[in-house]
Structures are given as structure tokens and as C-alpha cells.
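Student: quick one: sequence plus predicted model below, questions after.
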Amino acid sequence: MDIIFYHPTFDAAWWLNALTTALPGARVREWQPGDNEHADYALVWHPPVEMLHGRELKAVFALGAGVDSILSKLKANPEMLPEHIPLFRLEDTGMGQQMQEYAVSQVLHWFRRFDDYQALKQQARWEPLPEYQHDEFTIGILGAGVLGSKVAEALRPWGFPLRCWSRSRKAWPGVESFAGKEELPAFLNNTRVLINLLPNTPETVGIINQTLINQLADNSYLLNLARGVHLNEEDLLSALESGKLKGAMLDVFSREPLPAESPLWAHPRVAMTPHVAAVTRPPEAVDYIAHTIGQLEAGNAVSGQVDRARGY
Ligand SMILES: NC(=O)C1=CN([C@@H]2O[C@H](COP(=O)(O)OP(=O)(O)OC[C@H]3O[C@@H](n4cnc5c(N)ncnc54)[C@H](O)[C@@H]3O)[C@@H](O)[C@H]2O)C=CC1
Ligand SMILES: O=C(O)C(=O)CO
């Protein structure tokens, strides 16, 4: 079996070695421009069109959870990967735990009013504030997939009312499930902390806008862990200005790296990280890919295949 690998920043030597160990007998090579030799599988992140174009692959693996960048490249270059070649993505592979850490720490930060105490400290003010109550801190998770489910699971023991929104209804213990566009208003009503874990699709671009934010509880909080294009950054700034939103924690931005002139950098009620909420963990990813290839070779059903028409 021949496997080609391409990632703009990962240590290819490490991956080649780990994949060869996990898939004894496989010949794994780093793809280089001009390499048109046979391959059965391709492991990629931001691949050049010519890497995949014209190949009769058994499958392609995206080395991340979100497949928006490869799907948009495919839209512009459909010949890069014919529809009959399946595209897989990473499901969890350690990203779930990272999202749990991020979400739990941020929700508790807001719930315990550390943002307010930080602001008071700037003014050298010693001022105990009233406690927030759990029942006034409903947490709504947009996107109830692999990562949304992990975040819900980690928040459950803390006693906040939890709800999720997705295309189809979920039956998760302790989580109220809302499904489809028609139930979005009910999901937003009274949500105090909105956590975004949707995929980037034509249906979800710009979804966190003024209309949506206005339906949240007053003094609410936004945690964007998914993609920058989900959020209308101007509407976010207006909502912070009006007081509808009390704070935002952003990991992802419409332009990355965030341009120096963005007003988000200096905003006192916006915190941010540089798209690190959950990164691909190479050992877990290799295990997952090796297992999936083993199942594909054995003709068994596997999960993680991207539905290109749906966009995720
Ligand atoms: N900031 C970061 O470091 C990272 C961000 N991500 C982002 O997180 C996203 C989610 O990842 P997973 O949970 O693995 O995806 P997933 O595919 O397992 O879950 C997606 C969820 O969104 C829901 N959904 C999709 N379109 C919808 C629509 N139009 N209306 C209602 N619900 C809809 C689905 O029903 C599903 O519940 C990724 O697509 C990626 O963009 C992923 C990893 C790291
Ligand atoms: O895997 C993804 O989709 C990411 O955003 C990684 O940071």
C-alpha cells in the first residue's frame, strides 16, 4: 500500500515514521511537487491541487476536524478529487479533550465574574460582587457533533442548564436538544453563554449576527471555537457596545492572523487565542487513520466520511 503525505507545517519525518510503524508494510512518502507516482491513500492539509489531481486514490484524509478549506478548494477545482473518492476527516483524536478544557475554563471564568474582578483590579478597587446563580447561566452549544458532545459532557457536572442546537435531535442526558432552523429562536431564548462548534458551511456562514445575538439573554457571553466566518465581527462589537453582550472569547477570526488594525485586539471585553482551541495531536491522529485504513482495506463500514454536498 502506498501513502502520500502533505502538510505545510507538520514534521513530515515524524509522520512518515509513525505511519510506517502503525501500518506495517505500507510505503509512506512525503509528496513533493512533480511526484505523480502511484498512491492508494493521501493524508493532507491545504494540499496543492496537483498533489491529488488525476489520482485514483482509495481515500483522502484531511488532517483536521474542519474540512472547509479543502472543500472550498474542491469547489474551485472539482477535478482535484472526483466525487467517488471518499474524503475523511479527524473525529476527535484528542481535540474533544482540548475543547472541554477551553470551554469549561472560560465558562467558569465568566460565571465566577473573573472578567469583572480583572476590570476592578485595573482601577485598584476592592469590591465583592453579587454571585451569579447556575440557573441564570444557561449554556447553549451551537453544533452538537463530535466536539459539541464532548463539551456538553464536560459542562454537565457543573450544574448549568445545558442545551444544544443541531440539524437532528439529540438524546443526551441533561441536555435540552433543539433541532433545525425553526427551533433556533427557542434555543437562543434565555441562553446566557453561547458556544459555537458548528462547521463552516454555506448555511452557517455569518450565523452569529445581530439578529441572533439579540435573541440571547441580556448580558450574555460568546465563545467562538469553530470558525471566524460564523461571526459578524461588526455585529459583535455593536452588541458589546450596547451591553447586550457582556464579553466574548474568540479563538477564530474572519481573517487569520487577525490584522493589526482590528478593533478586537484592544477591546477590553474581548479575549482571544490564535486558533489553538484544539490542535491535531499527531499520535492520536495516526492511530485513528491507521485504524480507519485497516477497516477500509477489510471492507468494513467506517465513520468520519465527509458529506461533500452537505459541506461537512
Ligand atoms: N478552533 C479550533 O481549534 C478548531 C475548530 N474546529 C471546528 O469545529 C467544527 C465542529 O467539529 P466537529 O464537532 O468535529 O463537527 P461535526 O461534524 O461532528 O459536528 C457538526 C455539528 O453541527 C451541526 N450542524 C451543521 N450544520 C448545521 C446547520 N445548518 N444547522 C444546525 N446544525 C448544524 C451538525 O448537526 C452537528 O451536530 C469543525 O467543523 C471546525 O470548523 C475543529 C477543531 C479545532
Ligand atoms: O482541525 C481543525 O479544523 C482546526 O481548526 C485545527 O486547528
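Tutor: Nice, thanks for sending it over. Ligands and ions are numbered 1, 2, ... in the order given.

Student: please make it C-alpha for all contacts and neighbour counts, starting now.
Tutor: Fine.

Student: just the pLDDT for Gly96.
Tutor: Looking at Gly96, its pLDDT stands at 98.

Student: can you check the one 3 residues further on too?
Tutor: At Met99 the predicted local distance difference test score is 99.

Student: just the strands in the stretch 151-300 of the chain please.
Tutor: Along the stretch 151-300 of the chain, the stretches classed as strands by DSSP state E, counting those that start in this stretch are 162-166, 175-179, 193-196, 220-224, 245-250, 270-272.

Student: name the residues of the stretch 151-300 of the chain found near ligand 2, please.
Tutor: 275-276, 278-279 (CA under 6 Å from any ligand atom).

Student: of these, buried ones?
Tutor: For these, a burial check counting by 16 or more other CA atoms under 10 Å picks out 275, 278.

Student: adding pLDDT and distance to ligand 1, write the residues of the stretch 151-300 of the chain next to ligand 2 out as CSV.
Tutor: Formatted as CSV, those follow (pLDDT from 0 to 100; distance: CA to the nearest ligand atom, whole Å):
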residue, pLDDT, distance to ligand 1
His275, 98, 5
Val276, 98, 5
Ala278, 98, 4
Val279, 98, 6
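
Student: go through the residues of the stretch 151-300 of the chain next to ligand 2 and name the one nearest ligand 2.
Tutor: Ranked by distance to ligand 2 (CA to the nearest ligand atom), those are led by Val279 at 4.6 Å.

Student: closest to the centroid, which residue in this structure?
Tutor: Ala226 (3.7 Å; CA atoms, centre = their mean).

Student: got the contact list for that residue?
Tutor: Ala226 makes contacts with 196-200, 251-252, as judged by CA atoms under 8 Å, 6 or more residues apart in numbering.

Student: and ligand 1, which of these reach it?
Tutor: Contacts with ligand 1 within the contacts of Ala226, counted by CA under 6 Å from any ligand atom: 197-200, 251-252.

Student: nearest to ligand 1 among those?
Tutor: Taking CA to the nearest ligand atom as the measure, ligand 1 lies nearest Pro199 of those, at 3.3 Å.

Student: check what pLDDT the closest one gets.
Tutor: If you check Pro199, the pLDDT there is 98.

Student: these two touch, right, it and Tyr312?
Tutor: Yes. Pro199 is in contact with Tyr312 according to CA atoms under 8 Å; the separation is 6.4 Å.
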